[in-house]
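Peer 1: Just the structure for this:
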Amino acid sequence: MQRKHLLALCLLFGLATPGWSGSEFYCCNDQVTGRRVCGDSLPQQCRGKAYRIFDKAGNLQKEVGPPLTPEQKEAIREQALRAKQLEETQREQRRLDQALLDTYATPEDIERAQNKAENDVKLLIQMAQEKILASQKQQRKLAAEAEFYKRKAMPADLEKNLRNIGHEIQLQQEFIDLKNKDMVALRAKYDTERRRYFELTGRSTNTPRPSQPVTATPRVSPSTSR
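Peer 2: Presented below is the predicted three-dimensional model:
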(Lines give C-alpha, C1' and ligand atoms only; values in the text may rest on other atoms or scores of the structure.)
Protein backbone atom coordinates (compact mmCIF):
# COMPACT_ATOMS: atom_id res chain seq x y z
CA MET A 1 0.00 0.00 0.00
CA GLN A 2 2.84 2.32 0.87
CA ARG A 3 4.53 1.45 -2.43
CA LYS A 4 1.40 2.40 -4.39
CA HIS A 5 1.20 5.70 -2.52
CA LEU A 6 4.83 6.47 -3.34
CA LEU A 7 4.32 5.51 -7.00
CA ALA A 8 1.31 7.80 -7.26
CA LEU A 9 3.30 10.63 -5.67
CA CYS A 10 6.18 10.08 -8.06
CA LEU A 11 3.84 10.12 -11.05
CA LEU A 12 2.20 13.26 -9.70
CA PHE A 13 5.58 14.96 -9.33
CA GLY A 14 6.72 13.77 -12.76
CA LEU A 15 9.31 11.29 -11.50
CA ALA A 16 9.46 8.71 -14.32
CA THR A 17 11.12 6.03 -12.22
CA PRO A 18 8.44 3.58 -11.05
CA GLY A 19 11.13 1.17 -9.90
CA TRP A 20 12.72 3.75 -7.66
CA SER A 21 13.70 2.32 -4.25
CA GLY A 22 15.66 5.13 -2.53
CA SER A 23 15.02 6.26 1.06
CA GLU A 24 14.22 9.84 0.02
CA PHE A 25 13.68 11.93 -3.06
CA TYR A 26 14.03 15.56 -4.08
CA CYS A 27 11.48 17.74 -5.85
CA CYS A 28 11.37 21.27 -7.23
CA ASN A 29 9.49 23.30 -9.83
CA ASP A 30 11.10 23.47 -13.24
CA GLN A 31 11.05 27.16 -14.14
CA VAL A 32 11.19 26.34 -17.85
CA THR A 33 8.28 23.87 -18.10
CA GLY A 34 6.46 24.84 -14.94
CA ARG A 35 6.23 21.16 -13.96
CA ARG A 36 7.30 19.47 -10.74
CA VAL A 37 10.59 17.61 -11.14
CA CYS A 38 11.66 14.87 -8.72
CA GLY A 39 14.49 12.38 -8.38
CA ASP A 40 16.22 10.10 -5.90
CA SER A 41 19.14 12.53 -6.16
CA LEU A 42 18.88 16.24 -6.69
CA PRO A 43 17.76 16.77 -10.32
CA GLN A 44 19.82 19.09 -12.48
CA GLN A 45 16.80 21.40 -12.83
CA CYS A 46 16.75 21.82 -9.04
CA ARG A 47 20.36 22.87 -8.61
CA GLY A 48 20.66 26.45 -7.50
CA LYS A 49 16.94 26.60 -6.68
CA ALA A 50 14.66 25.91 -3.73
CA TYR A 51 13.64 22.25 -3.37
CA ARG A 52 11.93 19.83 -1.00
CA ILE A 53 13.03 16.50 0.40
CA PHE A 54 10.46 13.70 0.93
CA ASP A 55 10.84 10.33 2.57
CA LYS A 56 9.88 7.07 0.80
CA ALA A 57 6.34 7.40 2.16
CA GLY A 58 5.95 10.80 0.53
CA ASN A 59 6.19 12.80 3.75
CA LEU A 60 7.90 16.17 3.59
CA GLN A 61 11.16 16.01 5.54
CA LYS A 62 12.85 19.27 4.74
CA GLU A 63 12.56 22.41 2.67
CA VAL A 64 15.77 23.86 1.26
CA GLY A 65 15.73 27.49 0.21
CA PRO A 66 17.49 28.92 -2.84
CA PRO A 67 21.19 29.80 -2.55
CA LEU A 68 21.85 33.06 -0.75
CA THR A 69 22.76 36.16 -2.68
CA PRO A 70 26.10 37.88 -1.90
CA GLU A 71 24.15 40.59 -0.09
CA GLN A 72 22.34 38.03 2.04
CA LYS A 73 25.58 36.24 2.84
CA GLU A 74 27.16 39.54 3.91
CA ALA A 75 24.13 40.38 6.07
CA ILE A 76 24.36 36.97 7.77
CA ARG A 77 28.11 37.41 8.29
CA GLU A 78 27.57 40.83 9.86
CA GLN A 79 24.77 39.52 12.05
CA ALA A 80 26.98 36.66 13.26
CA LEU A 81 29.80 39.11 13.96
CA ARG A 82 27.49 41.37 15.97
CA ALA A 83 26.19 38.37 17.90
CA LYS A 84 29.75 37.28 18.69
CA GLN A 85 30.72 40.78 19.82
CA LEU A 86 27.62 40.98 21.99
CA GLU A 87 28.40 37.61 23.53
CA GLU A 88 31.98 38.70 24.29
CA THR A 89 30.74 41.96 25.81
CA GLN A 90 28.24 40.13 27.97
CA ARG A 91 30.86 37.59 29.05
CA GLU A 92 33.25 40.38 30.02
CA GLN A 93 30.47 42.16 31.92
CA ARG A 94 29.69 38.97 33.83
CA ARG A 95 33.37 38.67 34.73
CA LEU A 96 33.48 42.26 35.94
CA ASP A 97 30.26 41.84 37.90
CA GLN A 98 31.58 38.75 39.64
CA ALA A 99 34.84 40.51 40.45
CA LEU A 100 32.84 43.40 41.90
CA LEU A 101 30.81 41.10 44.13
CA ASP A 102 33.95 39.24 45.19
CA THR A 103 35.61 42.54 46.13
CA TYR A 104 32.77 44.17 48.08
CA ALA A 105 30.60 42.24 50.52
CA THR A 106 28.67 45.33 51.65
CA PRO A 107 28.17 48.94 50.49
CA GLU A 108 30.37 49.99 53.40
CA ASP A 109 33.26 48.09 51.83
CA ILE A 110 32.97 50.33 48.78
CA GLU A 111 32.93 53.41 50.99
CA ARG A 112 36.04 52.30 52.87
CA ALA A 113 37.90 51.46 49.67
CA GLN A 114 37.02 54.85 48.17
CA ASN A 115 38.07 56.73 51.29
CA LYS A 116 41.42 54.95 51.33
CA ALA A 117 42.05 55.60 47.63
CA GLU A 118 41.09 59.28 47.97
CA ASN A 119 43.25 59.73 51.06
CA ASP A 120 46.23 58.26 49.21
CA VAL A 121 45.79 60.80 46.42
CA LYS A 122 45.20 63.64 48.90
CA LEU A 123 48.43 62.73 50.69
CA LEU A 124 50.38 62.97 47.45
CA ILE A 125 48.78 66.34 46.70
CA GLN A 126 49.59 67.58 50.20
CA MET A 127 53.23 66.50 49.85
CA ALA A 128 53.48 68.31 46.51
CA GLN A 129 51.92 71.43 48.02
CA GLU A 130 54.45 71.38 50.86
CA LYS A 131 57.28 71.07 48.34
CA ILE A 132 55.88 74.07 46.47
CA LEU A 133 55.73 76.13 49.68
CA ALA A 134 59.31 75.21 50.53
CA SER A 135 60.44 76.03 47.00
CA GLN A 136 58.56 79.32 47.06
CA LYS A 137 60.32 80.26 50.28
CA GLN A 138 63.68 79.46 48.74
CA GLN A 139 62.65 81.28 45.57
CA ARG A 140 61.90 84.46 47.53
CA LYS A 141 65.34 84.33 49.20
CA LEU A 142 67.06 83.93 45.86
CA ALA A 143 64.93 86.69 44.33
CA ALA A 144 65.94 89.05 47.17
CA GLU A 145 69.56 88.18 46.55
CA ALA A 146 69.10 88.80 42.84
CA GLU A 147 67.95 92.38 43.59
CA PHE A 148 71.62 93.30 44.18
CA TYR A 149 72.42 92.45 40.57
CA LYS A 150 69.90 94.62 38.74
CA ARG A 151 72.61 96.74 37.17
CA LYS A 152 75.30 94.11 36.79
CA ALA A 153 75.64 90.52 35.72
CA MET A 154 74.04 87.98 38.03
CA PRO A 155 76.35 85.19 39.22
CA ALA A 156 75.91 82.04 37.17
CA ASP A 157 75.14 79.91 40.23
CA LEU A 158 72.40 82.27 41.40
CA GLU A 159 70.81 82.41 37.97
CA LYS A 160 70.96 78.62 37.69
CA ASN A 161 69.41 78.16 41.14
CA LEU A 162 66.55 80.53 40.30
CA ARG A 163 65.91 78.71 37.08
CA ASN A 164 66.01 75.27 38.73
CA ILE A 165 63.71 76.20 41.58
CA GLY A 166 61.23 77.75 39.17
CA HIS A 167 61.27 74.54 37.17
CA GLU A 168 60.74 72.50 40.36
CA ILE A 169 57.69 74.57 41.30
CA GLN A 170 56.26 74.08 37.83
CA LEU A 171 56.78 70.32 38.01
CA GLN A 172 55.07 70.06 41.38
CA GLN A 173 52.14 72.13 40.16
CA GLU A 174 51.77 69.90 37.11
CA PHE A 175 51.85 66.89 39.42
CA ILE A 176 49.05 68.39 41.52
CA ASP A 177 46.98 69.04 38.38
CA LEU A 178 47.46 65.41 37.38
CA LYS A 179 46.42 64.16 40.82
CA ASN A 180 43.33 66.38 40.72
CA LYS A 181 42.33 64.65 37.48
CA ASP A 182 43.05 61.30 39.11
CA MET A 183 40.74 62.26 41.96
CA VAL A 184 37.89 63.04 39.55
CA ALA A 185 38.42 59.72 37.74
CA LEU A 186 38.65 57.90 41.06
CA ARG A 187 35.34 59.26 42.30
CA ALA A 188 33.66 58.48 38.99
CA LYS A 189 35.00 54.92 39.19
CA TYR A 190 33.62 54.30 42.65
CA ASP A 191 30.30 55.95 41.79
CA THR A 192 29.98 53.55 38.86
CA GLU A 193 30.95 50.54 40.97
CA ARG A 194 28.53 51.61 43.71
CA ARG A 195 25.62 51.91 41.25
CA ARG A 196 26.42 48.56 39.65
CA TYR A 197 26.73 46.91 43.05
CA PHE A 198 23.25 48.10 43.99
CA GLU A 199 21.89 46.87 40.64
CA LEU A 200 23.39 43.41 41.16
CA THR A 201 22.38 43.04 44.80
CA GLY A 202 19.00 44.76 44.58
CA ARG A 203 19.81 47.00 47.52
CA SER A 204 18.53 50.55 47.72
CA THR A 205 20.90 53.01 46.13
CA ASN A 206 22.53 55.92 47.89
CA THR A 207 23.14 59.25 46.26
CA PRO A 208 26.62 59.12 44.67
CA ARG A 209 29.23 61.53 45.90
CA PRO A 210 29.73 64.63 43.76
CA SER A 211 32.85 64.27 41.63
CA GLN A 212 34.75 67.47 42.34
CA PRO A 213 38.50 67.99 42.15
CA VAL A 214 40.55 68.86 45.20
CA THR A 215 41.44 72.53 45.43
CA ALA A 216 45.11 72.86 44.58
CA THR A 217 47.67 75.43 45.59
CA PRO A 218 47.27 78.52 43.38
CA ARG A 219 49.64 78.55 40.45
CA VAL A 220 52.83 80.48 40.88
CA SER A 221 55.34 81.84 38.47
CA PRO A 222 57.94 79.18 37.74
CA SER A 223 60.72 81.74 37.73
CA THR A 224 61.46 85.18 39.04
CA SER A 225 62.34 87.89 36.55
CA ARG A 226 65.22 90.14 37.30
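Peer 1: ok, N29 to C38 distance?
Peer 2: Shown here: N29 relative to C38, a distance of 11 Å by C-beta to C-beta, to the nearest Å. Using the backbone N, CA and C atoms, a C-beta is placed for each residue, glycine as well.
Peer 1: how many neighbours does A144 have?
Peer 2: When neighbours are counted by other C-beta atoms under 10 Å, A144 registers 10.
Peer 1: Figure out the helix or strand that it lives in.
Peer 2: helix 107-146 (DSSP states H and E).
Peer 1: Check which helices and strands the helix or strand following that helix sits against.
Peer 2: Per DSSP H and E, helix 107-146 leads on to helix 156-201 as the next helix or strand towards the C-terminus. Counting contacts by 3 or more C-beta pairs under 8 Å, 6 or more residues apart in numbering; DSSP states H and E, helix 156-201 is packed against helix 70-103, helix 107-146.
Peer 1: coming back round to it: report the angle between the helix holding A144 and helix 156-201.
Peer 2: Taking axes from the mean of the first three to the mean of the last three C-alpha atoms, to 10 degrees, one finds helix 107-146 and helix 156-201 inclined to each other by 170 degrees.
Peer 1: Taking helix 70-103 as reference, get the angle to helix 107-146.
Peer 2: Using the same axes, to 10 degrees: helix 107-146 against helix 70-103 is 90 degrees.
Peer 1: Check which residues of helix 107-146 are buried.
Peer 2: Across helix 107-146, burial judged by 16 or more other C-beta atoms under 10 Å covers 107, 110, 114, 117-118, 121, 124-125, 128-129, 131-132, 135, 139, 142-143, 146.
Peer 1: can I get the helices and strands packed on helix 156-201 in JSON lines with distance to I169 and mean pLDDT?
Peer 2: Listed next are the helices and strands packed on helix 156-201 as JSON lines, based on distance: least, C-beta to C-beta, whole Å; pLDDT from 0 to 100:
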{"stretch": "helix 70-103", "distance to I169": "39", "mean pLDDT": "95"}
{"stretch": "helix 107-146", "distance to I169": "5", "mean pLDDT": "96"}
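Peer 1: residues near C46, how many?
Peer 2: For C46, the tally of surrounding residues (other C-beta under 10 Å) stands at 20.
Peer 1: Quick one: residues contacting it.
Peer 2: Counting by C-beta atoms under 8 Å, 6 or more residues apart in numbering, C46 touches Y26, C27, C28, V37, G39.
Peer 1: wait, what's in contact with P155?
Peer 2: By C-beta under 8 Å, 6+ apart, P155 lies in contact with Y149.
Peer 1: let's see 7 Å
Peer 2: Listed by C-beta atoms under 7 Å, 6 or more residues apart in numbering, P155 has no contact partners.
Peer 1: This completes my enquiry, with thanks.
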